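Trainee: Provided below for reference: sequence and predicted model.
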Amino acid sequence: MAVIADGDQTKLVVGLGLAILLMAFAATLIMKLLASYPWISWLGLIALLYVAFEMLYRGVLLPADAPNRLDGKVLELIYFGDHIRCRMAVAGHDAFIVNAPNSLDHPALNVGESYPVGWMTEDCRAFDAA
């Protein structure tokens, strides 16, 4: 929101006020839907459990010899609040970008150090160099 306001306090205050009103409206609407249709809560629980188990599998239970694992050297760290964008040198290329959580639960990354990097093929996004 602050980026859109571009330093204009009026835009920032109006934008934040609008966001608060929309959140209150959306919360009220969701509350009414959940009260009227309790089965929606069960669908949400199923989706949450599915995502949790998938994250557990990919983050903890995935074998160390899984495909797409390489060593990378940290070249640059860019902080974006809740995550850190990390530019790494991987397999001879220095434009490998990794987004890492910015939290106390996640190990700290340091410029100049090497770390193992792994990913699932379906999670990878690549762009042509054109």
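Mentor: Great, that's in hand.
Trainee: all strands of this protein, in order?
Mentor: All strands of the chain, identified by DSSP state E, fall at 69-79, 83-90, 93-101, 114-118.
Trainee: quick one, which of those strands is nearest to Val51?
Mentor: Closest approach to Val51 among these (Cβ to Cβ): strand 93-101, 15.4 Å. Heads up, the C-betas are built off the backbone N, CA and C, glycines and all.
Trainee: chain center to that closest one: distance?
Mentor: On the basis of Cα atoms, centre = their mean, to the nearest Å, strand 93-101 sits 13 Å off its chain's mean C-alpha point.
Trainee: And the longest helix along the chain, what does it pack against?
Mentor: Counting residues, the longest helix found in the chain (DSSP state H) is helix 9-36. Applying 3 or more Cβ pairs under 8 Å, 6 or more residues apart in numbering; DSSP states H and E, one finds that helix 9-36 contacts helix 2-5, helix 39-56.
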